[in-house]
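Asks: next input, structure requested:
(one chain, ligands or ions: 1)
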Amino acid sequence: MLRLETNRLFLRPLSQKDVSAFSEYRSDPDIARYQGWGTPFTEEQAKIFIDQMKDVVPGEAGQWLQLGMELKTTGILIGDVAFQVIKDSHRQAEIGMTLSRPYHKLGYGFEAVSALMDYLFNDLKVHRVIANCDPDNHPAHRLLERIGFRREGLFVESLWYKGDWASELWFALLEREWKELHPSQVE
Ligand SMILES: CC(C)(COP(=O)(O)OP(=O)(O)OC[C@H]1O[C@@H](n2cnc3c(N)ncnc32)[C@H](O)[C@@H]1OP(=O)(O)O)[C@@H](O)C(=O)NCCC(=O)NCCS
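Replies: Presented below is the predicted three-dimensional model:
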């Protein structure tokens, strides 16, 4: 079972005790705006989603794995980070992240994504990590750039999404760039 720890968070598999919190923040239209799911995201959908996650082997190519962000002080689920090792690529991964609105602007996203980067580069030995965001999703851009990601390209109206064309801004970070930023963490 994959568990990561930061100063303020446990990153751990989602469990059925998270159903209500997971459904609640995914049902927030502000949180879902640039994400693949619609609102409301019901508790039934949350149960099914969490149940499907339990069979995912961390690092299995082509399988997204969601890790819950649990606040150490309260045990509450405040968001999640997700990653997949990209199938048929050589040592490349893609990430995503979501935080419940009351926990924005407190650095939890930065803390969780940093721990995920350590895991991907140091444990899974990934060479390159990518992320894509809507061009208007400025909090996500800021978070990725604070981590060290580089803006690599804008794909214009490349995605049919929620009944309209959307563009994708792609970001990437290489293993050597991450290790240059965090020399003390290199194994
Ligand atoms: C993307 C998302 C996770 C970013 O959340 P966030 O709260 O802005 O990010 P962080 O938790 O890292 O917090 C960073 C902010 O807190 C501030 N902050 C406060 N205390 C901090 C600390 N101890 N450490 C770092 N930053 C801190 C930073 O200055 C920063 O503010 P700024 O963006 O105005 O410069 C959030 O907007 C979200 O869940 N959006 C909906 C889902 C989504 O669209 N996901 C992205 C898909 S690509």
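Asks: does Gln66 sit in a helix or strand, and which one?
Replies: Taking DSSP states H and E as the definition, one finds Gln66 inside strand 65-71.
Asks: wait, does that strand contact the ligand?
Replies: No: using Cβ under 6 Å from any ligand atom, strand 65-71 never reaches the ligand; the gap is at least 9.6 Å. From N, CA and C alone the C-beta is placed, and that goes for glycine too.
Asks: who does that strand pair up with?
Replies: strand 9-13 (antiparallel), strand 77-85 (antiparallel) (DSSP bridges).
Asks: tell me the buried residues in the last one?
Replies: When you say that, I think you mean strand 77-85. Neighbour-count burial for strand 77-85, counted by 16 or more other Cβ atoms under 10 Å, picks out 77-81, 83-85.
Asks: which is the next helix or strand following it?
Replies: Once the chain leaves strand 77-85, the next helix or strand it forms, by DSSP H and E, is strand 92-99.
Asks: could you report the pLDDT at the closest residue to Phe41 other than its chain neighbours?
Replies: Nearest residue to Phe41 in three dimensions, chain neighbours excluded: Arg26, at 3.6 Å (Cβ to Cβ, 6 or more residues apart in numbering). As predicted, Arg26 sits at a pLDDT of 98.
Asks: torsion angles phi and psi at Arg26?
Replies: Phi and psi for Arg26, reported as degrees, to the nearest 10, are phi -70, psi -20.
Asks: still on that earlier bit, pull the most distant pair out of the buried residues of strand 77-85.
Replies: By the measure Cβ to Cβ, the buried residues of strand 77-85 have their two most distant members at Ile78 and Val85, which lie 25.4 Å apart.
Asks: now do the helices in this structure.
Replies: Using DSSP state H, the helices found in the chain span residues 19-26, 29-32, 43-53, 108-118, 138-147, 175-181.
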